[in-house]
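**Student:** structure here, sequence nowhere to be found:
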């Protein structure tokens, strides 16, 4: 989709129509309309730049055997160990490489 910029009297684009918020809203609406689920923004960990509970739920739900092995080693600290390892891995390898190749605990 191409939208022509409309100039206001001072030559600037209309901020009400052309803003990052509007762009985010279009993307969010599209994703939610196509199978994505909303996430509570209060669950975001700013220091780690992740949603810890979402990450742990995904790993636990998609890799139950691996989770059980880690849980046998780390007990009730399993979640924190996974998050720590994930963040260290992403710091060293980047988010894109982590998404493409996974990470090791």
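**Tutor:** Nice, I can see it. Just so you know, these numbers come straight off a predicted model, no measurement behind them. Residues are numbered from 1 along each chain as shown.
**Student:** got the domain boundaries for the chain?
**Tutor:** 1-38, 41-101 (automatic domain parsing).
**Student:** highest mean neighbour count out of the ones you listed?
**Tutor:** Ranked by mean neighbour count under mean count of other CB atoms under 10 Å, the domains of the chain are led by domain 41-101, which reaches a mean of 13. (Glycine included, C-beta is placed from N, CA and C.)
**Student:** span of it from start to end?
**Tutor:** Using CA to CA, to the nearest Å, one end of domain 41-101 lies 27 Å from the other.
**Student:** can you list the low-confidence ranges for this protein?
**Tutor:** Along the chain, segments meeting pLDDT under 70 span 1-17.
**Student:** and residue 45, what are its phi and psi?
**Tutor:** In terms of degrees, to the nearest 10, the main-chain angles of residue 45 are phi -90, psi 100.
**Student:** so it sits against residue 54, correct?
**Tutor:** No - Residue 45 is beyond contact range of residue 54, at 10.3 Å (criterion: CB atoms under 8 Å).
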